[in-house]
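Trainee: Provided below are the primary sequence and the corresponding predicted coordinates.
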Amino acid sequence: MLTQDELKTQVGQAALKYVVPGEIVGVGTGSTVNKFIDALASIKGQIKGAVSSSVASTERLLALGIPVFDANAVDALAVYIDGADEIDGHGYMIKGGGAALTREKIVAALSRQFVCIADESKRVQTLGKFPLPVEVIPMAAQRVARQFAALGGVATLRVKNGQPLVTDNGQHILDVTGLQIADPLAFESKVNQWPGVITVGVFAHQRAQVCLLGTPQGVVTLTY
């Protein structure tokens, strides 16, 4: 039986075939993506570099000798490769467990194809069991929490080392439990309209077209 770490390594390596030679690749954030970054180093001479969705990924890419471009310096990316906290049968995802959801959504929007890399535990029928991350301006946190309460959700401020976690953008994160997100497209559009919300961690408008799912039987390719 493969460990979860081995499954992540497997899908990280499998994602290399979606990297377009001579292009800049969009790179996400998280433990599964770290495996992809490590694999990407083996073909770094074949790509121009990467656009990264977080400070942590940028540091890892640079340490491996992969050039990192500012998102404003590129018009479009051929592919964005990132993990997910949950993914459903339509390629809709919950993301943001690593607190990089806003930048992840920006890089995804620049990309022509989103390839999700995940282990099979992330596959769900309906989004919402994993606490939904929402990046908010700090002064709006309690008001946004009350709006989620009206929907039946419980929003908790994410804390690190006894203090509110601060994202790469200088904002806070609410994690929302108790939701069943039956219509991810409508839900994402609705919550993104709330004053003080930077980004909700539902990726429906920027959904995955491909998911490389790590299973004990090997990597399963799902297309949407």
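Mentor: All right, it came through fine.

Trainee: C-alpha only now, for contacts and for neighbours.
Mentor: Noted.

Trainee: Give the buried residues for the helix or strand containing V33.
Mentor: Assigned by DSSP states H and E, V33 belongs to helix 31-40. Buried residues in helix 31-40, counted by 16 or more other Cα atoms under 10 Å: S31, T32, V33, N34, K35, F36, I37, D38, A39, L40.

Trainee: How many residues are close by the closest residue to the first one other than its chain neighbours?
Mentor: Translated: S31. Closest residue to S31 apart from its sequence neighbours, by Cα to Cα, 6 or more residues apart in numbering: K8 at 7.9 Å. Number of residues near K8 (other Cα atoms under 10 Å) recorded here: 26.

Trainee: Surely K8 forms part of a strand?
Mentor: No. Read with DSSP: H, G, I helix; E, B strand; the rest coil, K8 is helix and lies in no strand.

Trainee: so who does it touch?
Mentor: S31, T32, K35, I117, A118, D119, G214 (Cα atoms under 8 Å, 6 or more residues apart in numbering).

Trainee: distance of the residue nearest to the second one when sequence neighbours are not counted from V191?
Mentor: Yep, that's T32 we're talking about. Distance criterion Cα to Cα, 6+ apart; nearest residue to T32, sequence neighbours excluded, is K8 at 5.1 Å. From K8 across to V191, the span is 31 Å (Cα to Cα, to the nearest Å).

Trainee: and what of K105?
Mentor: From K105 to V191 the distance is 15 Å (Cα to Cα).

Trainee: domains for the protein, by residue range?
Mentor: Following the assignment in automatic domain parsing, the chain carries domains at 4-123+205-223, 132-200.

Trainee: Pick the most buried one from those domains.
Mentor: Ranked by mean neighbour count under mean count of other Cα atoms under 10 Å, the domains of the chain are led by domain 4-123+205-223, which reaches a mean of 20.

Trainee: quick one: average confidence on that domain?
Mentor: What domain 4-123+205-223 shows for mean pLDDT is 96.

Trainee: Give me the distance between the two termini of it.
Mentor: End-to-end distance (Cα to Cα), domain 4-123+205-223: 22 Å.

Trainee: gap between it and the chain center?
Mentor: 8 Å (Cα atoms, centre = their mean, to the nearest Å).

Trainee: For the most centrally placed residue in the chain, give me its contacts.
Mentor: Centroid-nearest residue in the chain, with Cα atoms, centre = their mean: K95, separated by 4.5 Å. When contacts are counted by Cα under 8 Å, 6+ apart, K95 touches G83, A84, D85, E86, L101, L132, P133, G201, V202, F203.

Trainee: quick one: which of those residues is nearest K17?
Mentor: G83 (16.1 Å; Cα to Cα).
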